[in-house]
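K.L.:
no sequence on hand, only this structure:
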């Protein structure tokens, strides 16, 4: 769920939406241990929000969350995502460097396009404009 919590009334509305959602899911078994809550807050003085409770169990609050392969954090800075992509990139680039020693040059471009390029371009249109200069030029 997405909500703008700027006063107590909006927080109460958010809690009632969660209650309505959990009651709507009563025919499904909602696994609260796999449910996470992340508050995106850009303010300097962040207010502490108590965790929501579904079926008597508190929902875990997290600072970052991996959604569809992109790691989102509470400030939407994507630093953690870029670090994870850089780590995978270095591992896959090592494979290409080792293969270069076997003089298989015609295959190197094909391997780059199949194992490295998708890693670098996946969802980049979503997070690239939000990157800092350090993260954008870190490769």
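P.N.:
Cool, got the structure. Only a predicted model underlies this, so the values are computations on that prediction, with no experimental measurement involved.

K.L.:
so in this protein, where's the weakest helix or strand by average pLDDT?
P.N.:
Of all helical and strand segments in the chain, the minimum by mean pLDDT, DSSP states H and E falls on helix 133-136, at a mean of 67.

K.L.:
could you pull out the strands for this protein?
P.N.:
Assigned by DSSP state E, the chain shows strands spanning 36-37, 53-54, 57-58, 60-61, 64-67, 70-73.

K.L.:
ranking those strands by mean pLDDT, which is last?
P.N.:
Lowest mean pLDDT within the strands of the chain: strand 53-54, at a mean of 82.

K.L.:
neighbouring strands for that one, and are they parallel or not?
P.N.:
strand 57-58 (antiparallel) (DSSP bridges).

K.L.:
so how far is the partner strand from its chain's centroid?
P.N.:
Centroid displacement of strand 57-58 relative to its chain, using CA atoms, centre = their mean, to the nearest Å, is 23 Å.

K.L.:
which residues sit against it?
P.N.:
Applying CB atoms under 8 Å, 6 or more residues apart in numbering, the contact partners of strand 57-58 are 32-33, 51-52. To be clear about C-beta, it is placed using only N, CA and C from the backbone, and glycine gets the same treatment.

K.L.:
so which of the residues you listed is surrounded by the most neighbours?
P.N.:
With neighbours defined as other CB atoms under 10 Å, the most crowded of the contacts of strand 57-58 is residue 52; it has 19 neighbours.
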